[in-house]
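Undergrad: Fold the following for me, if possible:
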Amino acid sequence: MTQPTLIAPEVIACIAEGRDPSVAELNRVAEHIRADLSIARPALAMNARASESERLLILRAAQAALTGDPMGELPR
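TA: As a prediction, this is how the structure comes out:
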């Protein structure tokens, strides 16, 4: 069994390379955060659908993790 990673590899890559994340990287990190939250909060489990506000908050958290800027614009 593979151990879950504490930090998504995309975060490490963006920081190490000093670049902005791609949309795909943003979505992968958001899913990583959502999976972590589902452990603590069963309502966010894989089969439960997150509300639009929860989805936006998770995307913003992913953006902050990838760029270090909590107020940054989400890529389009």
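Undergrad: which non-adjacent residue is nearest residue 70?
TA: Taking Cβ to Cβ, 6 or more residues apart in numbering as the measure, residue 70 lies nearest to residue 64, with 4.1 Å between them; neighbours along the chain are not counted. From N, CA and C alone the C-beta is placed, and that goes for glycine too.
Undergrad: burial measure for that neighbour, as a count.
TA: Number of residues near residue 64 (other Cβ atoms under 10 Å) recorded here: 14.
Undergrad: Which positions in the helix or strand encompassing it come out as buried?
TA: Element membership for residue 64, per DSSP states H and E: helix 52-67. Residues of helix 52-67 classed as buried by neighbour count (16 or more other Cβ atoms under 10 Å): 54, 58-63, 65-67.
Undergrad: Make a markdown table from the residues you listed and add pLDDT to it.
TA: A markdown table is the format used below for the buried residues of helix 52-67 (pLDDT from 0 to 100):
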| residue | pLDDT |
| --- | --- |
| 54 | 87 |
| 58 | 92 |
| 59 | 92 |
| 60 | 92 |
| 61 | 92 |
| 62 | 93 |
| 63 | 91 |
| 65 | 90 |
| 66 | 90 |
| 67 | 88 |
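Undergrad: Considering these, which is situated nearest to residue 22?
TA: Closest approach between the buried residues of helix 52-67 and residue 22, by Cβ to Cβ: residue 66, at 9.5 Å.
Undergrad: Can you tell me, leaving aside adjacent residues, what's nearest to that closest one?
TA: residue 21 (4.1 Å).
Undergrad: Many thanks, we can stop here.
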